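In: Show me the folded form of this:
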Amino acid sequence: MAIQLRKLFNASSLTTQLIFSFILVVILTAITVGLPAILLIREQLDRQAWSQVDQGLRATKSLYEAKQVEVENLAILTGRRPTLYELVEARDETSLRLYLSALQVETGLNLIVVCDYHKDVIASTDQQMASDACKTWRTDGFRVVGTSAGEQVWLSAIHTMETADIEADAVIVGLKLDDQFANQMYAQTGLEQVLRAGGQIVATSLRIGRSELQDLDRQQVSRFVNGEVVYNKFELDGSPFYSAHIVFADSEIETEVALDVSQILATRTRLALSFGGGILLVACIVSVLGVFLARRIGRPLVGLADAAGEFQKGDLETPVVVQASVSEVEMVARALERARLDLERTIKHLQQEKAWSEHLLESIVEGIVTLDRQGRIIYFSQGAENILGLSRETVLNHPCDEIFHLAEIGSLFSQAIPAPGLRAKLILEVAGGRQITLSITQARLAPSEVSDADVVLVFRDVSEEDVVHRLLGNFLANVAHEFRTPLSSLAASIELLLDQAPELNADELQELLVSLHLGTLGLQTLVDNLLEGASIEAGRFRVSPRRSQLERIIGEAIRMMQPLLEKYGQSLQVELIPDMPLVNADERRVVQVLVNLLSNAIKYGPSDGEVTIRVERRRDWVTINVADQGPGIPAELRTDIFRRFTYPRSLSNSAKFGVGLGLSVVKAVVEAHGGQVGVSDNPEGGAVFWFTLQVMNE
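Out: Here you go, the predicted structure:
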């Protein structure tokens, strides 16, 4: 074993020495030859950049001199124009100003001023600049003029002209050196331009604020200082610049040219990277060659190492095949192949069992969650995803208190988990603010004597069961109340009849009989709604529509509701249409619909109010409207008002109890006829319940 380790160590050392020797030779060669070349290229590119700055500076000086000559020539040409002489002699200021404006456009000058020998302005294209120019501009060249907006620099020229009756008039022309002028200079030289007067920037072609440019940090390059020329480096918006500036003789005007050297620096960087990449490529090639030679020397052992590496990655299907002339290596290869086969059979068996277990867990409707010792979620079943609306990826490795939020403020889920063998109901708040009720049990993935173990939680959504229990309780309570009220009234009326019938007069008997009739009618309506609700729930609800007279249906409903109208002191208005059509309807069911709607309208309407039945026809359908003057139905409740166990009494403190079935029966009957039902606002206050029936063709 020691001999094999020494051989393996020597082979590894040889491989390392071969690879690093080749790489070291390449790197030393590249440093010896390439580094001076890179430094030389870097220096040459730098000198070229500064040379371009020098050329640009000289070109800028030449352009300024040419501009000065051009301005002087324009002053001479302007002062010698015959028309100008005539206008000056005539002292026609209006015509003279118009003429000067035309000359300004023609020559491209920014200022033309005509002064008399008293240094007063005769005419000018800029009155504000004219007075200062006539009195202070005495020679050609640069002029610095202070204005409210800051200092301005002008390139000016003066020409004295002789007139017949005036001793000496003068023409002053000027070219304003502003940002537009700097941009023109940039277009001609290819370098950015900056013009200063008294150290303050007055014009620039750079796209930056003058104050920011003024405060820009410049690094002076001392070895390039040449006479009056000063060279600087600075950076603007991430781009490096080389610049040079000089002061014009006999003036405080200073010009600076700047060259964006980002492309030059990028070229320099690309050359360095290309050279370095070449070195790296050669080093890689040499490394590959060294690896190839090393593998040829130790190929059998490398093959065994690769096979072991494939085992580690989970590849147990590739057989171990190693060609070696050493018997010991072949023995190791055969042993490794036998181990591979045994391990492959074992893993396949475990994978089958794992797949069966996972399939079983995923098919369970209940949610299954596993927590580690720190309370983090390490398993989240498909049932848990369906119940909580959370994906497995978003909850794994998160603390359970971070994922499960109890509706009770201040309580933690981990503290509410029941002990093993017990069951608890917890109310959780999930996405969207929705609350669900979970029935949770716990188990531990370790023997009971071990306190520190993983925890398995199994939970089931019992929210609907709780809702059903609450609804059933409310329903039974309301049904009991609905039965008890009319039964108590019936019992009292019957008892009164039994005890005092001979002593009662006709009106009192009539009142008792009406009370008995209303109680019986209420019980009948309640029983009908209960029976219809049960048949709807059981799926046995059917209607038998036939040709029916709508006025007869309405009359029957009114007849049944008349005692209730009289009891509450309300009036009924009926608005029918001419030539009432025949409808396709189950008369008994439609009467029940009208009875339910009228009953609600009467009970929810005010005393001495009015209930209206109105019939409208639209093509093959008639619409029956029942309008009341009650509190109305808010828009947000109109969708739910036709559901079972929805109680309109929540809309009014004076509303009566109900079982929450009347409107749901109305909806079921109307939709079984193929019609529609709905509710809208009554313009006179209250609500309008409406439904439609199909008209029978004549």
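
In: if I pick the closest residue to Pro420 other than its chain neighbours, what's in contact with it?
Out: Sequence neighbours aside, Gln442 is the residue nearest to Pro420 in space, at 5.2 Å (criterion: C-beta to C-beta, 6 or more residues apart in numbering). Where you see a C-beta, it was placed from the backbone N, CA and C, and this is true even at glycine. Counting by C-beta atoms under 8 Å, 6 or more residues apart in numbering, Gln442 touches 417-420, 422, 455-458.

In: Please report the distance of the nearest residue to Leu388 once chain neighbours are set aside from Arg460.
Out: Nearest residue to Leu388, sequence neighbours excluded (C-beta to C-beta, 6+ apart): Val430, at 5.7 Å. Val430 sits 15 Å away from Arg460 when distances are taken as C-beta to C-beta, to the nearest Å.

In: go on, Thr94?
Out: To Arg460, Thr94 is 101 Å away according to C-beta to C-beta.

In: So those two - more neighbours on which side?
Out: Counted by other C-beta atoms under 10 Å, Thr94 and Arg460 do not tie: Arg460 has more neighbours, with 18 against 9.

In: Return the distance of the helix or strand in which that one is found from the chain's centre.
Out: If you go by DSSP states H and E, Arg460 is part of strand 455-461. How far strand 455-461 lies from its chain's middle: 35 Å, per C-alpha atoms, centre = their mean, to the nearest Å.

In: Longest strand in this protein, please.
Out: Taking DSSP state E as the criterion, the chain has its longest strand at strand 150-161.

In: Now do the buried residues in that strand.
Out: Residues of strand 150-161 classed as buried by neighbour count (16 or more other C-beta atoms under 10 Å): 152-159, 161.

In: if we take the residues you listed, which one ends up nearest to Ile76?
Out: His159 (5.1 Å; C-beta to C-beta).

In: now the helices: where do they sit in the stretch 301-450 of the chain?
Out: Ranges of helices in the stretch 301-450 of the chain, per DSSP state H, counting those that start in this stretch, are 327-363, 382-388, 392-395, 400-403, 413-416.

In: who are the neighbours in contact with Gln127?
Out: Applying C-beta under 8 Å, 6+ apart, the residues near Gln127 are Val121.

In: per-residue pLDDT, it?
Out: Gln127 is assigned 77 on the pLDDT scale.

In: How much space separates it from Leu155?
Out: 20 Å.

In: What of Asp586?
Out: In terms of C-beta to C-beta, Asp586 sits 104 Å off from Leu155.

In: okay, Ile23: pLDDT?
Out: For Ile23, pLDDT reads 71.

In: for it, helix, strand, or coil?
Out: What DSSP: H, G, I helix; E, B strand; the rest coil gives for Ile23 is helix.

In: cool, and Arg643?
Out: coil.

In: residue contacts, it?
Out: Ser664.

In: how much space between it and Lys176?
Out: Distance from Arg643 to Lys176, by C-beta to C-beta: 82 Å.

In: on that earlier part again, which of the helices of the stretch 301-450 of the chain sits most buried?
Out: helix 382-388 (a mean of 18; mean count of other C-beta atoms under 10 Å).

In: before we move on, the earlier item: could you check the pLDDT of the residue nearest to Leu388?
Out: 78.

In: now swap in the one 4 residues further on and tell me
Out: Among the per-residue scores, Arg434 shows a pLDDT of 75.

In: and what of the one 3 residues further on?
Out: Model confidence at Thr437, expressed as pLDDT, equals 83.

In: what bridges to it?
Out: Ile427 (DSSP bridges).

In: I'd assumed Phe459 was in contact with it.
Out: No - the pair Thr437 / Phe459 is not scored as a contact, 10.0 Å apart, by C-beta atoms under 8 Å.

In: so how many other residues sit close to the residue nearest to Leu388?
Out: 16.

In: could you list every residue that touches it?
Out: So Val430 contacts 388-390, 405, 436 (C-beta under 8 Å, 6+ apart).

In: Just want to check the distance between it and Glu385.
Out: 12 Å.

In: Can you report how many residues lie near Leu28?
Out: 10.

In: quick one, phi psi at the nearest residue to Val695 once chain neighbours are set aside?
Out: Spatially, and ignoring its direct neighbours in sequence, Val695 is nearest to Pro581 (4.6 Å; C-beta to C-beta, 6+ apart). The phi/psi pair for Pro581 (degrees, to the nearest 10) reads phi -80, psi 160.

In: any low-confidence regions in the stretch 251-400 of the chain?
Out: Judged by pLDDT under 70, the stretch 251-400 of the chain has its weakly predicted residues at 283, 286-287, 290-305, 310-317, 320-330, 357-363, 365.

In: now stretch 676-692, how far from the centre of its chain.
Out: 41 Å.

In: Averaged pLDDT, that stretch. What do you get?
Out: The model assigns stretch 676-692 a mean pLDDT of 89.

In: what residues does it touch?
Out: Counting by C-beta under 8 Å, 6+ apart, 593, 597, 600-601, 605, 621-633, 638, 641-642, 666-667, 670-671, 675 sit against stretch 676-692.

In: again, only using 6 Å
Out: Under the contact criterion C-beta atoms under 6 Å, 6 or more residues apart in numbering, stretch 676-692 has outside partners 597, 621, 623-630, 632-633, 638, 667, 670, 675.

In: Show only the entries of those residues found in strands.
Out: Going by DSSP E, the strands hold 621, 623-627 from these.

In: Nearest to Glu556 among the residues you listed?
Out: Ile624 (13.3 Å).

In: can you pull the contacts of that closest one?
Out: Ile624 neighbours (C-beta under 6 Å, 6+ apart): 615, 691.

In: let's see it at 7 Å
Out: Ile624 is in contact with 613, 615, 690-691, counting by C-beta atoms under 7 Å, 6 or more residues apart in numbering.

In: Pull up the distance across stretch 369-386, start to finish.
Out: Distance between the boundary residues of stretch 369-386 (C-alpha to C-alpha, to the nearest Å) amounts to 13 Å.

In: If we go by neighbour counts, what in it is buried?
Out: Buried-residue list, stretch 369-386, by 16+ other C-beta under 10 Å: 369-371, 375-377, 379-385.

In: in a helix, that's where Ser62 is, yeah?
Out: Yes - the assignment for Ser62 (three-state DSSP) places it in a helix.

In: got any ranges where the stretch 1-150 of the chain has weak pLDDT?
Out: For the stretch 1-150 of the chain, the ranges with pLDDT under 70 are 1-19, 22, 30, 33-34, 148-149.

In: Which strand or helix spans Gly277?
Out: Going by DSSP H and E, Gly277 is in helix 262-297.

In: Shouldn't Phe691 be within a strand?
Out: Yes - assessed by three-state DSSP, Phe691 belongs to a strand.

In: Please report the distance of it from Gly609.
Out: 22 Å.

In: the more surrounded of those two?
Out: Phe691 (23 against 18).

In: May I see the buried residues of stretch 600-618?
Out: 600-606, 609-615.

In: Between all of those, which two are separated the most?
Out: Counting by C-beta to C-beta, the most remote pair of the buried residues of stretch 600-618 is Pro606 and Val615, 24.5 Å apart.

In: Pop the domain breakdown of the protein in here.
Out: 80-176, 302-359, 364-460, 468-520, 536-694 (automatic domain parsing).

In: In CSV: those, plus distance to Val282.
Out: Converted to CSV, the domains of the chain look like this (distance: least, C-beta to C-beta, whole Å):
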stretch, distance to Val282
domain 80-176, 58
domain 302-359, 25
domain 364-460, 46
domain 468-520, 79
domain 536-694, 77
